[in-house]
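In: Show me the folded form of this:
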Amino acid sequence: MNLVKANDKILRTPTTPFDFSNPPTDATQLALELTNTMASKMGMGLSAPQVGLPYSVCVVGNPSDPDSAVALFNPKIVNCSEEKEIMEENSLTFPGLFIKIKRSKNVRVRYANANGETQTVKFDGVTARLIQQQIDHLDGFLYTSRANAYHKQQALKQQKKLNLQRKKNAQAAIS
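Out: This next block holds a predicted model:
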């Protein structure tokens, strides 16, 4: 699967629920393809809209261990902690853009697995953060819209520096 460009309108459009009674595609295969794409790009989360699909499904997990990934179909946050923390986030959609975002430390999420079985699970730490970011994608929100103006500006400056260094490194490798 290929990632869509950051300006693709699908990233700002809420997804449609995955219909297990009349599936638009094989759920298990979709979960596997999303997981493989996430791992190949060294991401820790990937949503269907990021690869141009309008379905409410995402995966989160360790890219070095794709078998650990969890696929969440039609996820909804049913409870989140009032305790929040600020951490840097990035996204496969915006390579090299690390922005400080404030999110709940833990969330309870109701979702279906690839077999259509509903589960409610509490996630905390980095996994909770990843799931919140992926559910934002499914709702048509990008993490860039969650940042305050100062943090976003700082991140854009840092991204420019990283891109310049990457370009220098690439030119040096050619020489």
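In: Can you show me the CA trace of stretch 137-144 as PDB?
Out: Presented in PDB, the C-alpha positions along stretch 137-144 are these (Å, rounded to 0.1, in the frame of the first residue of the first chain):
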ATOM      1  CA  HIS A 137      -7.200  10.200  11.500                       C
ATOM      2  CA  LEU A 138     -10.400   8.200  11.300                       C
ATOM      3  CA  ASP A 139     -12.400  11.300  12.300                       C
ATOM      4  CA  GLY A 140     -10.700  13.500   9.700                       C
ATOM      5  CA  PHE A 141      -8.300  15.300  12.100                       C
ATOM      6  CA  LEU A 142      -4.500  15.500  11.800                       C
ATOM      7  CA  TYR A 143      -2.100  15.700  14.700                       C
ATOM      8  CA  THR A 144      -0.900  19.000  13.300                       C
END
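In: Okay, buried residues for the longest helix that the chain contains please.
Out: Determined from DSSP state H, the single longest helix within the chain is helix 149-174. When burial is assessed from 16 or more other CB atoms under 10 Å, helix 149-174 yields the following buried residues: 151-152, 155, 159. C-beta here means a position set from N, CA and C on the backbone, and glycine is covered the same way.
In: helices and strands around the helix-or-strand element of the chain with minimal mean pLDDT, which ones?
Out: Sorted by mean pLDDT, DSSP states H and E, the helices and strands of the chain end with helix 149-174, the least confident at a mean of 84. In this structure, helix 149-174 makes packing contacts with strand 94-104, judged by 3 or more CB pairs under 8 Å, 6 or more residues apart in numbering; DSSP states H and E.
In: so how far is the strand it packs on from its chain's centroid?
Out: 11 Å (CA atoms, centre = their mean, to the nearest Å).
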